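Asker: the sequence isn't on hand, but the structure is:
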């Protein structure tokens, strides 16, 4: 629950400049104006002006002291910089590389981690109260500072010193234990919704897990990727935290390595311009991922966009990663390959949340299923194993749309063409779909939306072909049925066998008779339900399967045990005819969620369209409640946690 008061107006440096300009103008005009005026009147005006200037000076002095105090806190609480290790920060790159700097500056990588300031804090903090069943806080804006005051349970007021995120959601970090330990505020701000929600409500996480406040979490985990060359500086469990980083945020040296040698060498203008004139000549003083082999270029991204295990976790907690761009990741870690020795004891170890480690990251067939870990999918793809595919084949940090960092010259299927021009020449024969349909887009079939994170489905980066066993035997939804929502697994298996000779798997009666999307939605685990619910709001799926019949089935998820599933289901419902104004709060108490489900069910009206009985509607278009109840009774309720 969130209540908001009137925003507080806080003077800025621009305000000061305006006031000084007005004072200067008054000082210029006042003598002219006073000519011919009574002497007493002039004295009064001068005194008023002097008092105004004095008061403004006092205010600005106090404001300066507050800024100094805030800056001092930031210097203490935020990671200390490490110039002695060769890191010079992105500011040092700007003078020689202004275009590259400007395009990087426009990305969400740059704004991933920032000091808490009025221009970086995007959430409502002006006398806002946020609460859930067991906790409540008051959020305050104090000049340029942001404070969190505990009401239930009581705690001392704590200042927000750092923020992470600027695209989908934003999280807030408070000064914690030790020199610069940072603790996570246990509410998150959803930017599109403009609302605060409990932190656990943005993840696929077991419903009995609440109050995630992440004590020291940033230093022991996030610093590795949300900063340049982060060093946790955690010597032992009871030692003071001494976290350091090359730079806060994901900046130039995260991808290019330490820049001190490059800056020093190119301080010589002759050398600098010689390299400008011979663009094909690599500069040995800095790493350019574009000049690396495809495997090493991808590892630059994989240092953060991958699931890995450090060779020496104790050393990492003290000193951070040893890997530097241009090296291979195995210098300090094992990248997790699910299908290689999947039964190693540590891979099956149960996490404190009650979920096996591997299940937190992978589908049972070994495909990565959490966002931000695309490298693990890429390395399982033949295009990377046998071809020249790398992250840079599709993505570009400089000059691309910040939303997905997709290269402007490699949109749609262009990235596939260099190796698959023969397919492009006979596209319909290959896809068995119209040229202009979504079914003829390479990514929709070979990179389906089976990864989940940030409250949405994301394309898998394990490039493979649709297979029913990936669903029927292994739980991962397949590309065909994520688009053809009204079709069964049996229908898909039959077509794949006809077109490609793919062996048809053994299917149970429901898999032969009921649309696959409904099986995932009603009897699947929380991850399957989330992916299926997202697909029911996907335009391409609406074009293939219609956009009305899904409503009563999505409505069943409005009181799902998992908050993230409820959120995705409500958003997809709002994309359907008649549901744009749906009122449903995924964080509301259970009784309110049930009421929302009943309202949505009552709102739905049969469209009269004929879909057959695969979508559990009878001849009159009414929902087969008996079949729905039977499938829901078989729901996979094993705990699911997707470790984003």
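Answerer: That came through, no problem. Values in this document were obtained by computation on a predicted structure and should not be read as measured data. Numbering: from 1, shown residues only.
Asker: now for the residue nearest to the spatial centre of the chain: which residues touch it?
Answerer: Nearest residue to the geometric centre of the chain (CA atoms, centre = their mean): residue 454, 4.9 Å. Contacts for residue 454 (CB atoms under 8 Å, 6 or more residues apart in numbering) come out as 168, 169, 202, 371, 644. Using the backbone N, CA and C atoms, a C-beta is placed for each residue, glycine as well.
Asker: need those residues in JSON lines (columns: distance to residue 256).
Answerer: Shown next, in JSON lines, are the contacts of residue 454 (distance: CB to CB, whole Å):
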{"residue": "168", "distance to residue 256": "27"}
{"residue": "169", "distance to residue 256": "28"}
{"residue": "202", "distance to residue 256": "32"}
{"residue": "371", "distance to residue 256": "25"}
{"residue": "644", "distance to residue 256": "26"}
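Asker: closest one of the residues you listed to residue 445?
Answerer: Closest to residue 445 out of these is residue 371 (20.6 Å), distances taken as CB to CB.
Asker: tell me if I'm right that the closest one and residue 455 touch.
Answerer: No - using CB atoms under 8 Å, residue 371 is not in contact with residue 455; the gap is 9.8 Å.
Asker: when these two are compared, which one has more neighbours?
Answerer: residue 455 (25 against 19; other CB atoms under 10 Å).
Asker: the more buried one is in contact with residue 567, isn't it?
Answerer: Yes - here residue 455 reaches residue 567: they are 5.6 Å apart, a contact under CB under 8 Å.
Asker: now do the shared contacts for these two.
Answerer: residue 202.
Asker: thinking again about what came up before, now the residue nearest to the centre of the chain. Its backbone dihedrals?
Answerer: phi 60, psi 30 (degrees, to the nearest 10).
Asker: now residue 145
Answerer: Torsion angles, degrees, to the nearest 10, at residue 145: phi -110, psi 160.
Asker: could you shift the numbering so residue one becomes 46, and keep it that way?
Answerer: Done: numbering now begins at 46, and the last item shifts to residue 190.
Asker: what bridges to it?
Answerer: residue 187 (DSSP bridges).
Asker: for residue 402, see how far away the residue nearest to the centre of the chain is.
Answerer: 22 Å (CB to CB, to the nearest Å).
Asker: would you mind measuring from the residue nearest to the centre of the chain to residue 235?
Answerer: Taking CB to CB, one finds residue 499 at 10 Å from residue 235.
Asker: can you work out which residues contact both of the two?
Answerer: What both residue 499 and residue 235 touch, as defined by CB under 8 Å, 6+ apart, is the set 213, 214, 247.
Asker: residues in contact with the first one?
Answerer: Shown in contact with residue 213 (CB under 8 Å, 6+ apart): 235, 236, 237, 499, 500.
Asker: the contacts of residue 499 in strands, which ones?
Answerer: residue 214 (DSSP state E).
Asker: can you tell me the SS state at residue 465?
Answerer: Under DSSP: H, G, I helix; E, B strand; the rest coil, residue 465 falls in the helix class.
Asker: oh, that last question was meant for residue 536, not what I typed.
Answerer: Applying three-state DSSP: residue 536 is helix.
Asker: can you get me a residue count around residue 376?
Answerer: 12.
Asker: cool, and residue 650?
Answerer: Neighbours of residue 650 using other CB under 10 Å come to 12.
Asker: quick check, it in contact with residue 623.
Answerer: Yes - counting by CB under 8 Å, residue 623 is a contact partner of residue 650 at 7.3 Å.
Asker: end to end, how far does stretch 288-308 reach?
Answerer: One end of stretch 288-308 to the other measures 25 Å (CA to CA, to the nearest Å).
Asker: which parts of it are buried?
Answerer: Within stretch 288-308, the residues scored as buried using 16 or more other CB atoms under 10 Å are 288-305, 307-308.
Asker: residue ranges with poor pLDDT in the protein?
Answerer: In the predicted model of the chain, residues 46-120, 222-223, 258-260, 324, 385-388, 456, 515-519, 653-656 satisfy pLDDT under 70.
Asker: what pairs with the spatially closest residue to residue 201 that is not a sequence neighbour across the strands?
Answerer: Nearest residue to residue 201, sequence neighbours excluded (CB to CB, 6 or more residues apart in numbering): residue 195, at 7.4 Å. Note on residue 195: beta-bridge partners by DSSP bridges are residue 182, residue 200.
Asker: the helices in the stretch 196-345 of the chain, which residues?
Answerer: Along the stretch 196-345 of the chain, counting by DSSP state H, counting those that start in this stretch, helices occupy 262-265, 297-301, 305-310, 314-322, 339-347.
Asker: mind giving me the packing neighbours of the second one?
Answerer: Other elements packing on helix 297-301 under the criterion 3 or more CB pairs under 8 Å, 6 or more residues apart in numbering; DSSP states H and E are helix 143-150.
Asker: same question, the last one
Answerer: Other elements packing on helix 339-347 under the criterion 3+ CB pairs under 8 Å, 6+ apart are helix 419-423, helix 427-430.
Asker: surely residue 256 touches residue 179?
Answerer: Yes - using CB under 8 Å, residue 256 is in contact with residue 179, at 6.7 Å.
Asker: contacts for stretch 680-689?
Answerer: Against stretch 680-689 from outside (CB under 8 Å, 6+ apart): 248-251, 254, 396, 398-400, 404-406, 414-417, 497-499, 567-573, 606-607.
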